[in-house]
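> With the input below, show me the fold.
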Amino acid sequence: MESLERIKARAEEAVPGATIKIIPNASPANQPSLLIDSDHTLAVVQFLRNDAALRLDFCSNVTGVDWLDRTVTTKVKVKTLIDGEEKEIEQPQVENFPGYLETVYHLYSIALKHGPVVIRLRTADRADGVHLPSLTPVYRSAEFQEREIFDLYGIRFHGHPDLRRILMWDEFVDHPMRKDYREPDDYEYEPTPHDEVLERAKEHYAARPQLDGAENLAADEHG
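Residues are numbered from 1 along each chain as shown. Have a look, this model is predicted:
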(Lines give C-alpha, C1' and ligand atoms only; values in the text may rest on other atoms or scores of the structure.)
Protein backbone atom coordinates (compact mmCIF):
# COMPACT_ATOMS: atom_id res chain seq x y z
CA MET A 1 0.00 0.00 0.00
CA GLU A 2 1.12 3.57 -0.61
CA SER A 3 2.67 5.61 2.18
CA LEU A 4 0.38 7.83 4.25
CA GLU A 5 2.18 10.89 2.87
CA ARG A 6 1.39 9.77 -0.69
CA ILE A 7 -2.25 9.00 0.19
CA LYS A 8 -2.58 12.46 1.75
CA ALA A 9 -1.11 14.20 -1.30
CA ARG A 10 -3.32 12.33 -3.76
CA ALA A 11 -6.45 12.90 -1.67
CA GLU A 12 -5.76 16.64 -1.50
CA GLU A 13 -5.24 16.68 -5.27
CA ALA A 14 -8.46 14.75 -5.87
CA VAL A 15 -10.53 16.95 -3.50
CA PRO A 16 -9.56 20.61 -4.00
CA GLY A 17 -9.82 22.64 -0.81
CA ALA A 18 -9.54 19.65 1.51
CA THR A 19 -7.34 20.08 4.56
CA ILE A 20 -5.65 16.85 5.63
CA LYS A 21 -3.05 16.55 8.35
CA ILE A 22 -0.94 13.56 9.33
CA ILE A 23 -1.22 12.91 13.07
CA PRO A 24 1.80 10.96 14.37
CA ASN A 25 1.48 8.21 16.94
CA ALA A 26 4.30 7.84 19.44
CA SER A 27 2.96 4.60 20.91
CA PRO A 28 4.56 1.20 20.17
CA ALA A 29 1.88 0.68 17.51
CA ASN A 30 3.33 3.63 15.57
CA GLN A 31 0.10 3.98 13.61
CA PRO A 32 -0.22 7.56 12.30
CA SER A 33 -3.56 8.80 11.05
CA LEU A 34 -5.13 11.35 8.73
CA LEU A 35 -7.08 14.23 10.28
CA ILE A 36 -9.65 15.44 7.73
CA ASP A 37 -11.55 18.71 7.87
CA SER A 38 -15.31 18.27 8.30
CA ASP A 39 -16.35 20.19 5.19
CA HIS A 40 -14.56 17.79 2.85
CA THR A 41 -14.79 14.56 4.81
CA LEU A 42 -17.30 12.73 2.61
CA ALA A 43 -15.51 13.66 -0.61
CA VAL A 44 -12.14 12.51 0.77
CA VAL A 45 -13.58 9.26 2.10
CA GLN A 46 -15.28 8.55 -1.22
CA PHE A 47 -11.91 9.01 -2.89
CA LEU A 48 -10.30 6.56 -0.44
CA ARG A 49 -13.01 4.02 -1.17
CA ASN A 50 -13.16 4.40 -4.94
CA ASP A 51 -9.53 5.03 -5.89
CA ALA A 52 -8.22 2.04 -7.87
CA ALA A 53 -4.93 1.86 -5.96
CA LEU A 54 -6.55 2.10 -2.51
CA ARG A 55 -10.04 0.55 -2.67
CA LEU A 56 -10.60 1.10 1.07
CA ASP A 57 -13.99 -0.59 0.91
CA PHE A 58 -14.48 -1.64 4.55
CA CYS A 59 -14.73 0.35 7.78
CA SER A 60 -13.89 -2.13 10.52
CA ASN A 61 -14.46 0.01 13.60
CA VAL A 62 -15.25 3.52 14.79
CA THR A 63 -14.03 4.88 18.12
CA GLY A 64 -14.81 8.02 20.10
CA VAL A 65 -12.14 9.98 21.99
CA ASP A 66 -12.62 12.77 24.52
CA TRP A 67 -9.76 15.26 24.90
CA LEU A 68 -10.15 17.55 27.89
CA ASP A 69 -8.82 21.11 28.09
CA ARG A 70 -5.13 20.89 28.88
CA THR A 71 -2.17 23.09 29.71
CA VAL A 72 1.27 22.27 28.32
CA THR A 73 4.42 23.82 29.74
CA THR A 74 7.56 23.76 27.62
CA LYS A 75 10.96 25.35 28.05
CA VAL A 76 12.17 27.85 25.48
CA LYS A 77 15.57 29.48 25.20
CA VAL A 78 15.62 33.28 25.33
CA LYS A 79 18.44 35.80 25.37
CA THR A 80 18.57 38.21 28.27
CA LEU A 81 21.01 40.54 29.97
CA ILE A 82 22.49 39.26 33.20
CA ASP A 83 24.99 41.54 34.96
CA GLY A 84 25.43 43.44 31.72
CA GLU A 85 26.19 40.31 29.75
CA GLU A 86 23.83 38.74 27.21
CA LYS A 87 23.13 35.14 28.09
CA GLU A 88 20.77 32.47 26.83
CA ILE A 89 18.51 31.01 29.50
CA GLU A 90 15.53 28.68 29.56
CA GLN A 91 12.14 30.03 30.51
CA PRO A 92 8.85 28.14 30.87
CA GLN A 93 6.25 28.78 28.20
CA VAL A 94 2.66 27.85 29.02
CA GLU A 95 0.15 27.03 26.29
CA ASN A 96 -3.54 26.32 26.84
CA PHE A 97 -5.29 23.91 24.47
CA PRO A 98 -9.11 23.73 24.43
CA GLY A 99 -10.67 20.29 24.56
CA TYR A 100 -12.42 18.56 21.69
CA LEU A 101 -14.01 15.26 20.70
CA GLU A 102 -12.80 12.93 17.97
CA THR A 103 -14.02 9.98 15.99
CA VAL A 104 -11.43 7.53 14.68
CA TYR A 105 -12.18 5.21 11.75
CA HIS A 106 -10.10 2.22 10.63
CA LEU A 107 -10.41 1.58 6.89
CA TYR A 108 -9.31 -1.58 5.11
CA SER A 109 -9.39 -2.89 1.57
CA ILE A 110 -10.95 -6.32 1.32
CA ALA A 111 -10.51 -6.21 -2.45
CA LEU A 112 -6.77 -5.48 -2.31
CA LYS A 113 -6.09 -6.96 1.14
CA HIS A 114 -4.33 -4.02 2.73
CA GLY A 115 -4.83 -1.48 5.51
CA PRO A 116 -5.62 -0.03 7.84
CA VAL A 117 -5.69 3.62 6.93
CA VAL A 118 -6.76 5.44 10.08
CA ILE A 119 -8.71 8.66 9.69
CA ARG A 120 -9.83 11.17 12.34
CA LEU A 121 -12.60 13.75 12.50
CA ARG A 122 -12.41 16.41 15.19
CA THR A 123 -14.96 18.79 16.72
CA ALA A 124 -14.17 22.40 17.51
CA ASP A 125 -14.83 21.94 21.23
CA ARG A 126 -16.60 19.77 23.81
CA ALA A 127 -19.88 21.69 23.91
CA ASP A 128 -23.20 19.87 23.96
CA GLY A 129 -24.58 19.09 20.53
CA VAL A 130 -21.28 19.20 18.62
CA HIS A 131 -21.53 17.91 15.06
CA LEU A 132 -19.45 15.83 12.66
CA PRO A 133 -20.37 14.35 9.27
CA SER A 134 -21.56 10.75 9.28
CA LEU A 135 -19.61 8.20 7.25
CA THR A 136 -22.61 5.87 7.14
CA PRO A 137 -23.56 6.99 3.60
CA VAL A 138 -20.18 5.65 2.47
CA TYR A 139 -19.62 2.80 4.95
CA ARG A 140 -22.84 1.19 6.21
CA SER A 141 -20.83 -0.61 8.92
CA ALA A 142 -20.40 2.77 10.65
CA GLU A 143 -24.13 3.11 11.39
CA PHE A 144 -24.39 1.38 14.79
CA GLN A 145 -20.90 2.49 15.84
CA GLU A 146 -21.70 6.14 15.22
CA ARG A 147 -24.91 5.67 17.20
CA GLU A 148 -22.82 4.34 20.08
CA ILE A 149 -20.51 7.37 19.91
CA PHE A 150 -23.52 9.70 19.83
CA ASP A 151 -24.93 7.91 22.86
CA LEU A 152 -21.75 7.80 24.95
CA TYR A 153 -19.91 10.97 23.82
CA GLY A 154 -22.70 13.24 22.55
CA ILE A 155 -21.40 13.81 19.00
CA ARG A 156 -24.25 14.36 16.54
CA PHE A 157 -23.56 12.94 13.07
CA HIS A 158 -24.93 14.90 10.13
CA GLY A 159 -26.35 12.58 7.48
CA HIS A 160 -26.80 9.58 9.76
CA PRO A 161 -29.98 7.67 8.77
CA ASP A 162 -31.13 6.78 12.29
CA LEU A 163 -29.26 8.72 14.96
CA ARG A 164 -30.62 7.70 18.37
CA ARG A 165 -29.29 6.15 21.55
CA ILE A 166 -28.25 2.52 21.30
CA LEU A 167 -27.10 1.63 24.85
CA MET A 168 -28.72 4.16 27.16
CA TRP A 169 -32.46 4.82 27.28
CA ASP A 170 -33.94 7.84 25.54
CA GLU A 171 -34.56 9.82 28.73
CA PHE A 172 -31.00 9.41 29.98
CA VAL A 173 -29.17 12.69 30.50
CA ASP A 174 -25.45 13.13 29.75
CA HIS A 175 -22.91 10.91 27.99
CA PRO A 176 -21.13 8.31 30.16
CA MET A 177 -17.85 8.06 28.24
CA ARG A 178 -16.97 11.73 28.56
CA LYS A 179 -14.05 12.14 30.92
CA ASP A 180 -15.84 14.65 33.11
CA TYR A 181 -18.96 12.47 33.48
CA ARG A 182 -20.02 11.82 37.07
CA GLU A 183 -22.26 8.92 38.01
CA PRO A 184 -25.46 9.78 39.88
CA ASP A 185 -25.61 8.81 43.53
CA ASP A 186 -28.66 6.65 42.87
CA TYR A 187 -29.91 4.52 39.99
CA GLU A 188 -33.65 4.65 40.38
CA TYR A 189 -34.15 2.80 37.11
CA GLU A 190 -32.48 -0.34 38.51
CA PRO A 191 -35.21 -2.47 40.11
CA THR A 192 -32.80 -4.54 42.23
CA PRO A 193 -29.79 -2.38 43.13
CA HIS A 194 -26.80 -4.22 44.54
CA ASP A 195 -23.23 -3.72 45.71
CA GLU A 196 -22.02 -0.12 45.20
CA VAL A 197 -25.27 0.91 43.56
CA LEU A 198 -27.24 -0.26 46.59
CA GLU A 199 -24.95 1.66 48.95
CA ARG A 200 -25.43 4.84 46.93
CA ALA A 201 -29.18 4.24 46.93
CA LYS A 202 -29.22 3.94 50.71
CA GLU A 203 -27.27 7.18 51.07
CA HIS A 204 -29.58 8.86 48.56
CA TYR A 205 -32.61 7.92 50.64
CA ALA A 206 -31.03 8.64 54.03
CA ALA A 207 -33.72 11.28 54.62
CA ARG A 208 -36.35 8.51 54.58
CA PRO A 209 -35.02 6.05 57.21
CA GLN A 210 -38.24 4.06 57.33
CA LEU A 211 -37.41 2.53 53.96
CA ASP A 212 -34.16 1.05 52.74
CA GLY A 213 -32.83 1.89 49.30
CA ALA A 214 -34.37 -1.06 47.49
CA GLU A 215 -37.80 -0.49 49.05
CA ASN A 216 -37.61 3.17 48.08
CA LEU A 217 -36.92 2.23 44.49
CA ALA A 218 -39.89 -0.11 44.45
CA ALA A 219 -42.10 2.52 46.10
CA ASP A 220 -41.11 5.13 43.52
CA GLU A 221 -41.73 2.66 40.67
CA HIS A 222 -45.30 2.02 41.81
CA GLY A 223 -46.07 5.60 42.83
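
> and Glu95, which of the three is it?
Following DSSP: H, G, I helix; E, B strand; the rest coil, Glu95 is assigned to strand.

> I'd guessed it sits against Val76; true?
No: using CB atoms under 8 Å, Glu95 makes no contact with Val76, being 10.7 Å away. Where C-beta positions appear, they are placed from N, C-alpha and C, glycine not excepted.

> Let me see the contact set for the residue lying farthest from the centre of the chain.
Using CA atoms, centre = their mean, the residue of the chain lying farthest from its centre is Gly84. It sits 52.4 Å away. With CB atoms under 8 Å, 6 or more residues apart in numbering as the criterion, no residue contacts Gly84.

> what does the one 4 residues further on give?
If a contact means CB under 8 Å, 6+ apart, then Glu88 has Lys77, Val78, Lys79 as its contacts.

> I'd like the residues you listed as a markdown table, with pLDDT, distance to Leu34 and neighbour count appended.
Output for the contacts of Glu88, formatted as a markdown table (pLDDT from 0 to 100; distance: CB to CB, whole Å; neighbours: other CB atoms under 10 Å):
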| residue | pLDDT | distance to Leu34 | neighbour count |
| --- | --- | --- | --- |
| Lys77 | 84 | 33 | 8 |
| Val78 | 83 | 36 | 11 |
| Lys79 | 80 | 39 | 8 |
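
> Those residues in strands, which ones?
Of those, the ones assigned to strands by DSSP state E are Lys77, Val78, Lys79.

> got those residues as a markdown table, with distance to Ser27 columns?
Compiled in a markdown table, those are given as follows (distance: CB to CB, whole Å):
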| residue | distance to Ser27 |
| --- | --- |
| Lys77 | 29 |
| Val78 | 33 |
| Lys79 | 37 |
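
> domains in the protein, as residue ranges please.
Using automatic domain parsing, the domain ranges for the chain come out as 4-68+100-179, 183-223.

> Minimum distance to Gln91: which of those has it?
Within the domains of the chain, the stretch nearest Gln91 is domain 4-68+100-179; the backing value is 25.6 Å (CB to CB).

> shaky segments in the chain?
Applying pLDDT under 70 to the chain flags the ranges 185-193, 207-223.

> At which residues are the helices of it located?
4-14, 41-50, 143-153, 195-204, 213-221 (DSSP state H).

> ok so, going back, and the domains of the chain, which is most packed in?
Most buried of these, by mean neighbour count (mean count of other CB atoms under 10 Å): domain 4-68+100-179, with a mean of 16.

> Please enumerate the strands of the protein.
Secondary structure of the chain (DSSP E): strands located at 20-23, 33-36, 58-67, 70-82, 85-97, 100-109, 114-122, 131-133, 156-158.

> Quick one, which of these gets closest to Glu199.
For Glu199, the closest of the strands of the chain is strand 58-67, at 27.7 Å, according to CB to CB.

> Show me the strands paired with that closest one, marking each as parallel or antiparallel.
Sheet partners assigned to strand 58-67 using DSSP bridges are listed as strand 100-109 (antiparallel).

> How far off centre is the strand it pairs with?
Taking CA atoms, centre = their mean, to the nearest Å, one finds the center of strand 100-109 at 9 Å from the center of the full chain.

> rewinding a little: with distance to Glu171 as extra columns, can I get the strands of the chain in CSV?
Shown next, in CSV, are those (distance: least, CB to CB, whole Å):
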stretch, distance to Glu171
strand 20-23, 37
strand 33-36, 34
strand 58-67, 21
strand 70-82, 33
strand 85-97, 34
strand 100-109, 23
strand 114-122, 28
strand 131-133, 22
strand 156-158, 18
